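1. Sequence and predicted structure are below.
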Amino acid sequence: MPLNRHPTQWPWHGLLALILLSLAAGLWVATKRVNYEWRWERVPQYFFYQAEDAQSAPVAGTITQIRPDGARSRVDITPANGAQAVSVTVETDTLKVKVGETVTEDSDIGALRQWKIGPLTWGLWVTIWISFVSGFIGLFIGLITGLCRLSPNPTLRGLAVFYIELIRGTPLLVQIFIFYFFIGTVLNLDRIVAGIGALALFVGAYTAEIIRAGIQSIAKGQSEAARSLGMTAAQTMTHIVLPQALKRVLPPLAGQFINLIKDSSLVSVIAITDLTKSGREIITSSFATFEIWFTVALLYLVVTSLLSQLLFWLERRFARSD
Amino acid sequence: MIKVNNLVKVFSGRGKPVRAVDNVSTQVSKGEVVVIIGPSGSGKSTFLRCLNGLEAFDDGQVIIDGVDLGDSKTNINTVRREVGMVFQHFNLFPHKTVLENVTLAQRVVRRRKPAEAEDKAMALLTKVGIAEKAHEYPSRLSGGQQQRVAIARALAMDPKVMLFDEPTSALDPEMVGEVLDVMQQLAREGMTMAVVTHEMGFAREVAHRVMFMDAGKILEDAPPMVFFTAPKEPRAQTFLKQVL
């Protein structure tokens, strides 16, 4: 019998499916027990909805003509003094007047429907852009701090250590409060700026440690070779050490940024309407607690898995030289 | 070309300080090939690394082509341009292609135009016999090929001196020859070279002078014919008996 046996795989896949199915069944039974009525049909309207915008007559007069215009109708109102007719466009099925009818100023003619972005989509967008901006700034802070952490200058090194320890040793929630209520008040910052600032400082401290570890993992011979060619310390860093270090720390950086997206939910405590806060607000009006939280979780999952796919793709691209 | 006066390098890590280079004075004139041999831990690599300031020495003087390395006015980077170095473990830049390895320093240090740097790089890669691998990454090359690229990379800066730190020690035996051939060619072309090596054949054939180092001191400094046939120092005699 060869050592390289290929064990049958399908029973294990079957077992996996069984476990997942029983989890789903458990969930279903659990919701049955608390007598919860699922109303998934309520969820889509929080992504996009059609808003009805009532249209009223701008002048008093007589309806002289109603012309169909696709699904809409154009209503011409001729004022009593014989001036130029004014036309109002409304959806045909909301039309409330007939030809020959007399209308007063501001009386209801019908409504226009428009697709609007719902709070979930809006919250998702806020979460994405806040995470992106604070991640970008955080990466920059982390890069600078990581380099300072390795600097031969004791002041720079001390500052970097102080910053990293300060941020890593306190909860993000507390940092957001301090940043908003203290620093934000002193510097008169907008809540969005305060939220992004707190997240950027938080992610910067962790990124600094990742980058420091990455730089230290590059063999000493690399910088020696670069220096022996006459490159300055800065040239060696930018051309030789950092490119290799960044490639190496891509997986932990990816983890850090995925964490950032999730941690950004904490900015809802300073009344930034991100995905989490949108969810909470929707629940107060819709009472679809379970559906909305599951949807919010799923949206976070989609964003984070897209990000990890992107970083995975980057990683493979960088692996060209291996 | 190289002038060393009373050079001292002390390693003071844990335990008692080690004088890796202990009051060494010597000279290498232009076009001369000096081979430094000695048992491991004798300070020969440290000595070599002091010559381009990779190792910060504690006392004494190193003067390369009239420039004092220890002088506070000396820009060490300007000196290093003129001193090429080849390492035991090649230290090629793994994220750059062979061609980029050879052109990078030309562009950022010598400020050559990309086309000029590439021409120079291709000429040197052809010289070390590896032009066809120009667009490969170093990881695809054998040890001997990598070391030849490393030599081309150092030569691309038009150095006045080349330092070789055990250039063949990390190579498979069948690849040692190709690297030594390149070095021999360089020596014939009149390059000033300081070579730390265990290749006694190379020392015998190519070197103008052989230095024997032990415990941080140069114990013997003689032409290879003299050194290999009639070493004066007992420690050199023992060493030669063991390696030959």
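-> That came through fine.
2. CA atoms for contacts and neighbours, from now on please.
-> Noted.
3. ok now stretch B:100-119, how far from the chain's centre?
-> 22 Å (Cα atoms, centre = their mean, to the nearest Å).
4. in it, what's buried?
-> By neighbour count with 16 or more other Cα atoms under 10 Å in any protein chain shown, stretch B:100-119 contains the buried residues B:100-110, B:112, B:117-118.
5. and chain A, which of these contact it?
-> Among the buried residues of stretch B:100-119, proximity to chain A is found for B:105, B:108-109 (Cα under 8 Å from any Cα of the partner chain).
6. any chance of these in JSON lines, with distance to residue A:170 and secondary structure too?
-> Formatted as JSON lines, those follow (distance: Cα to Cα, whole Å; DSSP: H, G, I helix; E, B strand; the rest coil):
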{"residue": "B:105", "distance to residue A:170": "44", "secondary structure": "helix"}
{"residue": "B:108", "distance to residue A:170": "43", "secondary structure": "helix"}
{"residue": "B:109", "distance to residue A:170": "45", "secondary structure": "coil"}
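7. elements contacting the host helix or strand of residue A:225?
-> Applying DSSP states H and E as the criterion places residue A:225 in helix A:220-228. If contacts are counted by 3 or more Cα pairs under 8 Å, 6 or more residues apart in numbering or on different chains; DSSP states H and E, helix A:220-228 sits against helix B:76-82, strand B:83-86.
8. Any chance of these in a markdown table with mean neighbour count, mean pLDDT and distance to chain A as columns?
-> Formatted as a markdown table, the helices and strands packed on helix A:220-228 follow (neighbours: other Cα atoms under 10 Å in any protein chain shown; pLDDT from 0 to 100; distance: least, Cα to the nearest Cα, whole Å):
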| stretch | mean neighbour count | mean pLDDT | distance to chain A |
| --- | --- | --- | --- |
| helix B:76-82 | 22 | 93 | 4 |
| strand B:83-86 | 28 | 96 | 6 |
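9. Kindly reformat the ones you listed as CSV containing distance to residue B:122.
-> Formatted as CSV, the helices and strands packed on helix A:220-228 follow (distance: least, Cα to Cα, whole Å):
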stretch, distance to residue B:122
helix B:76-82, 20
strand B:83-86, 18
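10. Go through the ones you listed and name the closest to residue A:130.
-> helix B:76-82 (43.5 Å; Cα to Cα).
11. list the helices and strands that closest one packs on?
-> Right, helix B:76-82 is packed against helix A:220-228 by 3+ Cα pairs under 8 Å, 6+ apart.
12. from chain A, which residue is nearest to chain B?
-> residue A:230 (4.5 Å; Cα to the nearest Cα).
13. Distance check, that residue against residue A:52.
-> Using Cα to Cα, to the nearest Å, we find residue A:230 at a distance of 71 Å from residue A:52.
14. Between these two, which has more neighbouring residues?
-> Neighbour comparison, residue A:230 and residue A:52: the larger count goes to residue A:230, with 28 against 15 (by other Cα atoms under 10 Å in any protein chain shown).
15. quick one: secondary structure of the more buried one?
-> coil (DSSP: H, G, I helix; E, B strand; the rest coil).
16. residues in contact with it?
-> B:76-81, B:105, B:109 (Cα atoms under 8 Å, 6 or more residues apart in numbering or on different chains).
17. hmm, try it at 10 Å
-> Counting by Cα atoms under 10 Å, 6 or more residues apart in numbering or on different chains, residue A:230 touches A:224, A:236, B:52, B:75-84, B:105-106, B:108-110, B:157.
18. which element is residue B:193 on?
-> Judged by DSSP H and E, residue B:193 forms part of strand B:192-196.
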